[in-house]
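S.K.: fold the following for me, if possible:
(one chain, ligands or ions: 1)
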Amino acid sequence: MTNEFALAIHGGAGVLPPADMTPAREAAYHAALARVLAAGEAVLAADGTALDAVTAAVTALEDEPLFNAGHGAVFTRDSTHEMDAAIVDGQGRRAGAVAGICGPRNPVHLARAVMERTDHVMMIGDGALALARDAGIALEEPGYFFTQERWNSLQQTLRMQAEGTLDDDPARRHGTVGAVARDRAGNLAAATSTGGMTAKRAGRVGDSPIVGAGTFADNATCAISATGDGEAFIRRVAAHEIDARMRLAGQSLTDAAEHVVQVDLAAHEGSGGLIAIDRDGTITMPFNCAGMYRGTLRDGQAAQTAIYT
Ligand code: ASP
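M.R.: Here you go, the predicted structure:
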């Protein structure tokens, strides 16, 4: 087995349609993705764990206002923010998740606190925020999460809903961030964080914090972080389906992930994609929509970032 590390990240399948993308915006996305890869690389190159690398990468993605998570999260129909996040350690399938929270600057830190400081897997509401305070996690006022672009998207979505003209523009509707990694010791980890879908009902929870749907890791098979229409990813139990195809049917990561994204999800209103890595460090990043903000970094090699096909 290789002892090289590898990292993949995504900034969501809610990409700007190519017609709306300017060279300056495109450059800003690539630069942001490169900064995030550098944050993960700093951990892995120092022999850090896959768990610490995905935490560092998702923290950096949450801090980037360009992406729908943390600062830059989309609004609910009530003009609030409700964020979901999960982290899974491929060693022993340890997992932590939070749903519908607003407060922690980095929701992925609270997901990790659920995993490391409690006997639970998923927490919501005041209890989750109490854990954040106990764990000394940085908290922000709601205004921190505001971005003008997401506010405009909400107003546009509400107007189109009222007029009955709502279309399928992925950039306005959704987005998510995530990372998967393999460290030099062969451990896998995955983390995902999101504001969810623009104008979602308060209380709606997507696939990102649901272990086996939008986030998954097991050292024996793969680590996965998904992005797209969360309800479809939950119904197809997308990440677990890939694990099961590898574990029970002997499929390769690439074949299993391709099938789930291009056949299962595509046939069931599951527009989106995912990033996945296996224990050999193979990375695959299939999507069935216009694009997915994404990047990869391999031990000793230059970082690569991409948006469209
Ligand atoms: N999967 C996320 C959700 O449903 C949204 C996205 O990735 O675009 O909350």
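
S.K.: what residues does the stretch 1-150 of the chain have near the ligand?
M.R.: 12-14 (C-beta under 6 Å from any ligand atom). In this view, the C-beta of every residue, glycine as well, is placed from N, C-alpha and C.

S.K.: what's the distance between residue 92 and residue 163?
M.R.: Noted for residue 92: a distance of 51 Å to residue 163, by C-beta to C-beta, to the nearest Å.

S.K.: before we move on, what about residue 73?
M.R.: Taken as C-beta to C-beta, the span from residue 73 to residue 163 is 25 Å.

S.K.: quick one: which of those two has more around it?
M.R.: Taking neighbours as other C-beta atoms under 10 Å, residue 73 and residue 163 compare with residue 73 leading, 29 against 8.

S.K.: grab the nearest non-local neighbour of the more buried one.
M.R.: Spatially, and ignoring its direct neighbours in sequence, residue 73 is nearest to residue 195 (2.8 Å; C-beta to C-beta, 6 or more residues apart in numbering).

S.K.: which pLDDT value goes with the nearest residue to residue 94 once chain neighbours are set aside?
M.R.: Nearest residue to residue 94 in three dimensions, chain neighbours excluded: residue 115, at 5.5 Å (C-beta to C-beta, 6+ apart). Per-residue confidence (pLDDT) for residue 115: 98.

S.K.: host element of residue 190?
M.R.: strand 188-194 (DSSP states H and E).

S.K.: which neighbouring elements make contact with that strand?
M.R.: helix 50-63, strand 83-89, helix 107-117, strand 177-182, strand 215-217, strand 222-228 (3 or more C-beta pairs under 8 Å, 6 or more residues apart in numbering; DSSP states H and E).

S.K.: pairing partners for it, with directions?
M.R.: Partner strands for strand 188-194, per DSSP bridges, with pairing direction: strand 83-89 (antiparallel), strand 177-182 (antiparallel).

S.K.: just want the angle from it to helix 50-63.
M.R.: 20 degrees (axes from the mean of the first three to the mean of the last three C-alpha atoms, to 10 degrees).

S.K.: so for strand 188-194, what's the average pLDDT?
M.R.: 98.

S.K.: got the residue ranges for the strands in the protein?
M.R.: Counting by DSSP state E, the chain has strands at residues 6-12, 83-89, 94-101, 122-124, 177-182, 188-194, 215-217, 222-228, 272-278, 283-284, 291-298, 304-308.

S.K.: and residue 34, which of the ones you listed is closest to it?
M.R.: Closest to residue 34 of the strands of the chain, according to C-beta to C-beta: strand 304-308, at 5.9 Å.

S.K.: what comes up buried for that closest one?
M.R.: 305, 307 (16 or more other C-beta atoms under 10 Å).

S.K.: contacting residues around it?
M.R.: 15, 18, 21, 26, 29-30, 33-34, 37, 290-297 (C-beta atoms under 8 Å, 6 or more residues apart in numbering).

S.K.: average model confidence for that strand?
M.R.: Mean pLDDT, computed over strand 304-308, is 97.

S.K.: what's the angle from it to strand 6-12?
M.R.: Using the same axes, to 10 degrees: strand 304-308 against strand 6-12 is 30 degrees.

S.K.: sheet-wise, list the partners of strand 304-308 with their directions.
M.R.: strand 291-298 (antiparallel).

S.K.: next, see if the partner strand gets close to the ligand.
M.R.: No - against the ligand, strand 291-298 shows no contacts by C-beta under 6 Å from any ligand atom, the least distance being 9.4 Å.

S.K.: if we can go back for a sec, list buried residues within the contacts of strand 304-308.
M.R.: Buried subset of the contacts of strand 304-308 (neighbour count, 16+ other C-beta under 10 Å): 15, 21, 29-30, 33-34, 37, 290-297.

S.K.: poorly predicted segments of the stretch 101-250 of the chain, please.
M.R.: By pLDDT under 70, the stretch 101-250 of the chain has no low-scoring segment.

S.K.: what packs against the helix ranked longest in the chain?
M.R.: Longest helix in the chain, counting residues (DSSP state H): helix 23-45. Under the contact criterion of 3+ C-beta pairs under 8 Å, 6+ apart, helix 23-45 touches strand 6-12, helix 50-63, strand 177-182, strand 291-298, strand 304-308.

S.K.: most tightly surrounded among these?
M.R.: strand 177-182 (a mean of 34; mean count of other C-beta atoms under 10 Å).

S.K.: which residues does stretch 125-133 contact?
M.R.: 98, 100-101, 103-104, 109-110, 113-114, 117-118, 123, 139.
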